[in-house]
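Novice: build me a model:
(one chain, ligands or ions: 1)
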Amino acid sequence: MKKLIAILTALVLMMSAAGGLGENAAETEIPAAAAGRDLPEAGEVIQGFEVTEKRDFEMIGAELVLFEHQKTGAKVMYIANGDINRAFQLSFLTRPLDDTGLPHVFEHATLYGSEKYPSKTLLFNATLQTYNTFINAFTQDAMTSYPLGSLSEEQLLRLADWYTDACFHPNIMTDESIFRTQAWHYEMKDAESPLTMEGTVYTEMVGAMTLERAAMDAANRTTFPGAAIAYDAGGVPGVIPQMTWESLKAFHDRYYPPVKLHCVPLRRPGAL
Ligand SMILES: [Zn+2]
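Specialist: Numbering: from 1, shown residues only. Modelled structure (predicted):
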């Protein structure tokens, strides 16, 4: 059965309200919405992004502006309030097509260099040597997210540039050794040692596959056969070795490029 799969690229940028910190504690409270900010109205186009909606989000004293990139369909949610922490997040709709853990490998692969930032240790440098308040990546059932936080807008934007390039142009696409290290590989310490299976995602999932998680996977598999939720986005240890570098690159081509895929019918492997 043909299935429409849409790519969702959501960027969330939280910015401080205009003006510096208050001179006393009372003034450091998050003000209701972002009073005084010059936010665009629905229909306006900024740098190729059209405003599709603007509304209040009272729970966090914020105003939301939703944009859609005219060329690619990428969606951007801009949250404006008085929080002095700035945050940026990239999210990709990465519905799993099997239990090999492809979405999970990409979460790790972004940490091992990109076209513009080829250093394999950049994540550790970024984490320890920049003025950040949060750096992480998450694989969820239907999406993979890459959030960042900083009290410095300048540093946030630099980190955002690094993370964006890491997502769109990760070195794992051209360097098979990163796939072997991050996904799975065979290993023998010496000629007398037993053959073992290693790899960051493989060993992580061996540890993470508790009885409870296996039971939940089995319940989802039984209840929703063939649906994305029927698969474990993190990967099932016994199935992870079926993942190839080619399938990983195809997964990136399908879910990560910022192009309009809304109308491209895609098939599950083996589906008619
Ligand atoms: Zn992991």
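Novice: and the closest residue to residue 164 other than its chain neighbours, how many neighbours?
Specialist: Distance criterion C-beta to C-beta, 6 or more residues apart in numbering; nearest residue to residue 164, sequence neighbours excluded, is residue 90 at 6.4 Å. In short, each C-beta sits where N, CA and C put it, glycine included. For residue 90, the neighbour count with other C-beta atoms under 10 Å is 23.
Novice: check for me that residue 90 belongs to a strand.
Specialist: Yes. Secondary structure of residue 90 (DSSP: H, G, I helix; E, B strand; the rest coil): part of a strand.
Novice: just the pLDDT at it, thanks.
Specialist: Per-residue pLDDT puts residue 90 at 94.
Novice: quick check: it vs residue 232, distance?
Specialist: 23 Å (C-beta to C-beta, to the nearest Å).
Novice: helices and strands around the helix or strand containing residue 165, which ones?
Specialist: Here residue 165 sits within helix 153-168, counting by DSSP states H and E. With contacts taken as 3 or more C-beta pairs under 8 Å, 6 or more residues apart in numbering; DSSP states H and E, helix 153-168 sits against strand 86-93, helix 122-129, strand 143-150.
Novice: and those: which comes nearest residue 250?
Specialist: strand 86-93 (14.8 Å; C-beta to C-beta).
Novice: quick check: next helix or strand after the closest one?
Specialist: Past strand 86-93, the next helix or strand by DSSP H and E is helix 102-109.
Novice: bridge partners for the spatially most central residue of the chain, pull those for me.
Specialist: Nearest to the mean C-alpha position of the chain, by C-alpha atoms, centre = their mean, lies residue 145 at 2.5 Å. Using DSSP bridges, the bridge partners assigned to residue 145 are residue 91, residue 138.
Novice: please name the residues that touch it.
Specialist: For residue 145, the contact set (C-beta atoms under 8 Å, 6 or more residues apart in numbering) comprises 89, 90, 91, 92, 137, 138.
Novice: quick check: the gap between it and residue 162.
Specialist: From residue 145 over to residue 162 (counting by C-beta to C-beta), the distance is 16 Å.
Novice: give me the below-cutoff pLDDT ranges for the stretch 1-150 of the chain.
Specialist: Within the stretch 1-150 of the chain, the ranges that satisfy pLDDT under 70 run 1-37.
Novice: in the helix holding residue 165, what's buried?
Specialist: By neighbour count with 16 or more other C-beta atoms under 10 Å, helix 153-168 contains the buried residues 155, 156, 158, 159, 160, 162, 163, 164, 165, 166, 167, 168.
Novice: quick one: average confidence on whichever helix or strand comes after it?
Specialist: Next helix or strand after helix 153-168 toward the C-terminus (DSSP H and E): helix 176-182. Mean pLDDT, helix 176-182: 94.
Novice: go on, stretch 185-198?
Specialist: Stretch 185-198 comes out at a mean pLDDT of 94.
Novice: and it, end to end?
Specialist: 5 Å (C-alpha to C-alpha, to the nearest Å).
Novice: contact partners of it?
Specialist: Contacting residues not belonging to stretch 185-198 are listed as 184, 199, 241 [C-beta under 8 Å, 6+ apart].
Novice: appreciated, that's everything.
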